[in-house]
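Colleague: next comes the sequence, and after it the predicted model I'd like to discuss.
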Amino acid sequence: MKMWIALVLAALAAGASAQSCSCETMKWATCDGTPCSCSLMVGDNVKQTLNCNELIPKCFLMKGEMYRAKKGQDTRSVGGKPEESAFVDNDGIYDPECENDGKFKAKQCNNTEECWCVNSAGVRRTDKGDKNIKCEKLVETFWVRLQLTHKEVTKPVNAALLKSAIAEAINKRYKNFNKDLVEKIEYDPDARMVVVDVKKPKGERKSDLAHMAYYMEKDVKVLPLFKNQEKFEPTVEGQKLEMENILVYYVDEDPPTFTMKHLSGGIIAVIVVVVLAVVAGLLVLFFARRRQSQQYNKAQQREMEAM
Ligand SMILES: *[C@@H]1O[C@H](CO)[C@@H](O)[C@H](O)[C@H]1NC(C)=O
């Protein structure tokens, strides 16, 4: 009898420890060993060791995703809805160069001759150039705007409670993300749209907005990156808000340096019209002045003749 209990206990302990050797913040990680250590394949025979107690740096995640895509592996989890598009539909994905601590290198080339500078969220903030492009430093994203839509709900959402509900959900889900950084929420009940501004003081380097935003983008757009596939669902007055769309805007500590090349046709047309109007105005002024001075000269001449 005693032996049985001991055996059962041993089996339970073994089960528990096997289970605990997994990566909560990255479903594609492989973990083994005692002490448990987890890593992610980011290239042929290249493994990135992960700290699964925290959100995984976006740069490592992007590398891992590019690798999976290259291998033709699913970048979502099994059982995902077939109509949900895979991540390759998200533009802006490339094979990034990461620092040892998971930060993006300021200059990125996607394994090509064409390079550009990125912000701390790995998002391009300059024109594309050649390999000699200079990226002085990695410019920090200090503000992200998350524009989300929630699915239809039965009860109207109490907008006054939405901010704390969202801050709470973000804090819980994204590894104690500082909820004070959830600065402002705007809500449009008709469009079911929630706009969340997450902002930190310029110069603050403790919180990383990019990691949180990337996990949330995946939570809403595709499937969670977490091992646990529960949805991101802020709860307002007992009602869960399931999210279905997300758009992320990035604001950097220094403004980006895109040039006119990237202005849309509409804006260029407006600029051309304004410039033409100004030139026309100047020409009118110029000719008006000239006529005035000619008349003045003639008058002078007549006076001279009279004398
Ligand atoms: C990076 O390269 C991959 C092919 O290796 C391509 O699919 C992707 O669109 C590129 N991304 C960018 C931002 O250039």
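Modeller: Okay, I see it.
Colleague: neighbours around the nearest residue to C21 once chain neighbours are set aside, how many?
Modeller: Spatially, and ignoring its direct neighbours in sequence, C21 is nearest to C36 (3.6 Å; Cβ to Cβ, 6 or more residues apart in numbering). No exception for glycine: its C-beta is placed from N, CA and C like everyone else's. By the criterion of other Cβ atoms under 10 Å, C36 has 14 neighbours.
Colleague: wait, A29 sits on L40?
Modeller: Yes. At 5.2 Å, A29 counts as touching L40 under the criterion of Cβ atoms under 8 Å.
Colleague: returning to that earlier point: against C23, how distant is the residue nearest to C21?
Modeller: Distance of C36 to C23, computed by Cβ to Cβ, to the nearest Å: 9 Å.
Colleague: can you check R68 too?
Modeller: Taken as Cβ to Cβ, the span from R68 to C23 is 15 Å.
Colleague: the more surrounded of these two?
Modeller: A count of neighbours by other Cβ under 10 Å puts C23 above the other of R68 and C23, at 22 against 19.
Colleague: point me to the helix or strand that includes the more buried one.
Modeller: In the assignment (DSSP states H and E), C23 maps to no helix and no strand.
Colleague: try V144
Modeller: According to DSSP H and E, V144 maps onto strand 141-150.
Colleague: C-alpha coordinates for that strand, PDB please?
Modeller: What follows is strand 141-150, C-alpha atoms only, in PDB (Å, rounded to 0.1, in the frame of the first residue of the first chain):
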ATOM      1  CA  THR A 141       9.200  53.900 -30.000                       C
ATOM      2  CA  PHE A 142       7.700  55.700 -26.900                       C
ATOM      3  CA  TRP A 143       4.000  55.700 -28.000                       C
ATOM      4  CA  VAL A 144       1.900  53.100 -29.800                       C
ATOM      5  CA  ARG A 145      -1.700  53.600 -30.800                       C
ATOM      6  CA  LEU A 146      -3.700  50.300 -31.000                       C
ATOM      7  CA  GLN A 147      -6.800  50.700 -33.000                       C
ATOM      8  CA  LEU A 148      -9.000  47.700 -32.300                       C
ATOM      9  CA  THR A 149     -12.500  46.600 -33.100                       C
ATOM     10  CA  HIS A 150     -14.500  44.300 -30.900                       C
END
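Colleague: for that strand, what is the distance to the chain centroid?
Modeller: Per Cα atoms, centre = their mean, to the nearest Å, the displacement of strand 141-150 from the mean C-alpha position of its chain is 8 Å.
Colleague: what lines up beside that strand in the sheet?
Modeller: Strand 141-150 has the following strand partners under DSSP bridges: strand 193-199 (antiparallel), strand 243-252 (antiparallel).
Colleague: ok, residues contacting that strand?
Modeller: Here strand 141-150 makes contact (Cβ atoms under 8 Å, 6 or more residues apart in numbering) with 119-121, 123, 157, 191-202, 204, 209-210, 212-213, 216, 220, 241-253.
Colleague: may I see the buried residues of it?
Modeller: 141-146, 148-150 (16 or more other Cβ atoms under 10 Å).
Colleague: what mean pLDDT does that strand have?
Modeller: Mean pLDDT, computed over strand 141-150, is 91.
Colleague: among the strands paired with strand 141-150, which is the most enclosed?
Modeller: The highest mean neighbour count among the strands paired with strand 141-150, using mean count of other Cβ atoms under 10 Å, belongs to strand 193-199: a mean of 20.
Colleague: tell me the mean pLDDT for it?
Modeller: Per-residue pLDDT over strand 193-199 has a mean of 91.
Colleague: and the angle for the next helix-or-strand element following it with strand 193-199?
Modeller: Next along the chain after strand 193-199, taking DSSP H and E as the criterion, comes helix 209-221. Here helix 209-221 runs at an angle of 160 degrees relative to strand 193-199 (axes from the mean of the first three to the mean of the last three Cα atoms, to 10 degrees).
Colleague: which helices and strands does helix 209-221 pack with?
Modeller: helix 58-70, strand 141-150, helix 159-173, strand 193-199, strand 243-252 (3 or more Cβ pairs under 8 Å, 6 or more residues apart in numbering; DSSP states H and E).
Colleague: what angle separates the second one from helix 159-173?
Modeller: Read it as strand 141-150. 120 degrees.
Colleague: repeat for the fourth one
Modeller: With the same axes, to 10 degrees defining the directions, strand 193-199 sits at 60 degrees from helix 159-173.
Colleague: residues contacting strand 193-199, please?
Modeller: Contacts of strand 193-199 (Cβ under 8 Å, 6+ apart): 142-150, 162, 166, 170, 181-187, 209, 212-213, 241, 251.
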